[in-house]
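A.B. asks: Pasted the sequence and its predicted model underneath.
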Amino acid sequence: MIGPDGQQLGIMKVYEALCKAEDFDLDLVEVAPNADPPVCRIMDFNKYKYEQKKKEREAKKHQKHSQLKEIRFKARIDKHDLDIKIKHAREFIEDGHKVKITLMFRGRDLAHKEIGENLLNNVIESLSDLAQVDRDKRWEGKNLTVILSPVRKKARVDNKGKVEERKGEGDAEG
């Protein structure tokens, strides 16, 4: 049994432990039921639950939430318009979001699928410094899609004590 201020009170019967907890006007909480003998602690259980919830809320605040953003364009897009789309995708990836790039085909565009695939390969290549392919090119009806996710950078300390960043495991450099 452990007291309210953390000192060991020794091994005692359940009735004695409950009386001791009542003397302190606190709760008797079983901390380690699988231990031999089971370990109990005298504490304010409501305060303990409140502190646990507070820690969970604080942990949620520091979590990074990523979303799936979508960039859509057609196979007959102009060079400047494509650059703008790539710029937006780059901003999303830098913010830590995944990006779904959708290339839409209409009518006779479907007769020249290789033009669209080349265009999508160029987009993937231009974003390769920040992103890696999460899901490879896939046809969804008349649309060709690919999902890119940000490359996680790992910090590494070199032999001189400097911290250097390098790309994640999926890269040829790292």
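C.D. replies: Alright, I've got the coordinates.

A.B. asks: which residues of this structure fall in helices?
C.D. replies: 14-24, 45-61, 79-94, 113-126 (DSSP state H).

A.B. asks: Would you reformat these as TSV and include distance to Q67?
C.D. replies: C-beta: built from backbone N, CA, C; applies to glycine. Below are these laid out as TSV (distance: least, Cβ to Cβ, whole Å):
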stretch	distance to Q67
helix 14-24	48
helix 45-61	16
helix 79-94	9
helix 113-126	20
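
A.B. asks: Reformat those into CSV and put distance to L148, mean pLDDT and mean neighbour count next to each item.
C.D. replies: Output for those, formatted as CSV (distance: least, Cβ to Cβ, whole Å; pLDDT from 0 to 100; neighbours: other Cβ atoms under 10 Å):
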stretch, distance to L148, mean pLDDT, mean neighbour count
helix 14-24, 57, 90, 14
helix 45-61, 27, 89, 10
helix 79-94, 7, 93, 14
helix 113-126, 7, 91, 15
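
A.B. asks: Compare those and report which one is nearest to G3.
C.D. replies: helix 14-24 (7.9 Å; Cβ to Cβ).

A.B. asks: Need the residues that contact the closest one.
C.D. replies: Residues from elsewhere that reach helix 14-24 (Cβ atoms under 8 Å, 6 or more residues apart in numbering): 1, 3-4, 9, 12, 27-28, 40, 42.

A.B. asks: Can you tell me which of the residues you listed is closest to H80?
C.D. replies: Out of the contacts of helix 14-24, the member with the shortest distance to H80 (by Cβ to Cβ) is D27, at 68.7 Å.

A.B. asks: Relative to A17, how far out is the closest one?
C.D. replies: 11 Å (Cβ to Cβ, to the nearest Å).

A.B. asks: Then D129?
C.D. replies: To A17, D129 is 63 Å away according to Cβ to Cβ.

A.B. asks: same question, K142
C.D. replies: 71 Å.

A.B. asks: try Q7
C.D. replies: 14 Å.

A.B. asks: now D95
C.D. replies: 54 Å.

A.B. asks: what's the neighbour count on L144?
C.D. replies: Close neighbours of L144, defined as other Cβ atoms under 10 Å, add up to 20.

A.B. asks: Now it. Nearest residue, chain neighbours left out?
C.D. replies: Distances taken as Cβ to Cβ, 6 or more residues apart in numbering put L103 closest to L144, at 4.4 Å, once the chain neighbours are dropped.
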